[in-house]
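> quick one, fold the following:
(one chain, ligands or ions: 1)
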Amino acid sequence: MNKIRCYSCSRELSEGSLKYVVEVKSFADFDGYLEDYSGDVESGMVELLKELEDADQKTLEDDVYQEMVFILCKACRDKFYKGLLDTSDTIGADREIKDTIH
Ligand SMILES: [Zn+2]
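Coordinates of the predicted model:
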């Protein structure tokens, strides 16, 4: 059986020990605003489709949505929360994060 290790510090997390699954999701936000486009819409669409054809599929997906899952020990989980958004503030359950989403 594979040993489970903390993703951050590599400490072995034995069976039954306290460990945390941390899921991180980020996705592109759309606020409903489209810049005025003064050119020919049809040729603009053709140009955009050509750019999409040439672009790497994985890069396009990562630009829109990313999801990561880590298993961390308690110490690294606590450090992770403290380091979020490069601030010493922890995100409290009562803080309305949704307010920042349109
Ligand atoms: Zn750790």
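> the ion contacts on the chain?
Proximity of the chain to the ion (C-beta under 5 Å from the ion) is limited to residues Cys6, Ser8, Cys9, Arg11, Cys73, Cys76. From N, CA and C alone the C-beta is placed, and that goes for glycine too.
> hmm, 8 Å instead?
Taking C-beta under 8 Å from the ion as the criterion, the chain approaches the ion at residues Cys6, Tyr7, Ser8, Cys9, Ser10, Arg11, Leu72, Cys73, Lys74, Ala75, Cys76, Arg77.
> so which of those is the most crowded?
Among those, Cys73 has the most neighbours (other C-beta atoms under 10 Å), with 22 neighbours.
> can you pull the contacts of that residue?
If you count contacts by C-beta atoms under 8 Å, 6 or more residues apart in numbering, Cys73 has them with Cys6, Ser8, Cys9, Arg11, Leu13, Leu18, Lys19, Tyr20.
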